[in-house]
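Colleague: Kindly generate the corresponding structure for this input.
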Amino acid sequence: MAWVILFFAGLMEIGWAIGLKYTDGFTRLVPSVLTLAAMTISVVLLAIALKTLPVGTGYAVWTGIGAVGTAILGIVLFGDPATVARLACIGLIVAGIVGLKLAT
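Modeller: Predicted structure coming up:
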């Protein structure tokens, strides 16, 4: 169950990272409130997952999910470059996440 909670914490991290782009420096109310809510939910879910998961593994997977999801959505939503090197690095992060899951 902790892995499922950690996965949703990672999704919320993606949400707040992407949300930051829409807050326009926290000058837009609705995106700012949603972003702050996603931040809070993400950290609370991480804390719950870390009750049973090792802190290093949980934190690394949480940030990895956030990094991969944010990078992919940056490409899709904002036209960030999708170079071979960039995609390969995203793949390496995914491999690291899978490796940590298998090793725990």
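
Colleague: what separates residue 80 from residue 70, distance-wise?
Modeller: 10 Å (C-beta to C-beta, to the nearest Å). All C-beta atoms are positioned from the backbone trio N, CA, C, and that covers glycine.

Colleague: Residue 82 now?
Modeller: With C-beta to C-beta as the criterion, residue 82 and residue 70 are 14 Å apart.

Colleague: Neighbour count: the two, which is higher?
Modeller: residue 70 (19 against 13; other C-beta atoms under 10 Å).

Colleague: the bottom helix or strand of the chain by mean pLDDT?
Modeller: Least confident helix or strand, the chain: helix 84-103 with a mean of 94, by mean pLDDT, DSSP states H and E.

Colleague: in it, what counts as buried?
Modeller: Neighbour-count burial for helix 84-103, counted by 16 or more other C-beta atoms under 10 Å, picks out 90, 93, 97, 100.

Colleague: May I have it as CSV, with CA atoms only?
Modeller: The C-alpha coordinates for helix 84-103 follow below in CSV (Å, rounded to 0.1, in the frame of the first residue of the first chain):
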residue,chain,number,x,y,z
VAL,A,84,17.6,12.1,-27.9
ALA,A,85,19.9,12.9,-25.0
ARG,A,86,17.1,14.4,-22.9
LEU,A,87,14.8,11.4,-23.5
ALA,A,88,17.6,9.0,-22.8
CYS,A,89,18.2,10.8,-19.5
ILE,A,90,14.5,10.5,-18.6
GLY,A,91,14.8,6.8,-19.4
LEU,A,92,17.7,6.6,-17.0
ILE,A,93,15.6,8.1,-14.2
VAL,A,94,12.9,5.6,-14.9
ALA,A,95,15.4,2.8,-14.8
GLY,A,96,16.6,4.1,-11.4
ILE,A,97,13.1,4.2,-10.1
VAL,A,98,12.4,0.7,-11.2
GLY,A,99,15.7,-0.4,-9.7
LEU,A,100,14.9,1.1,-6.4
LYS,A,101,11.5,-0.6,-6.3
LEU,A,102,13.0,-4.0,-7.2
ALA,A,103,15.8,-3.6,-4.6
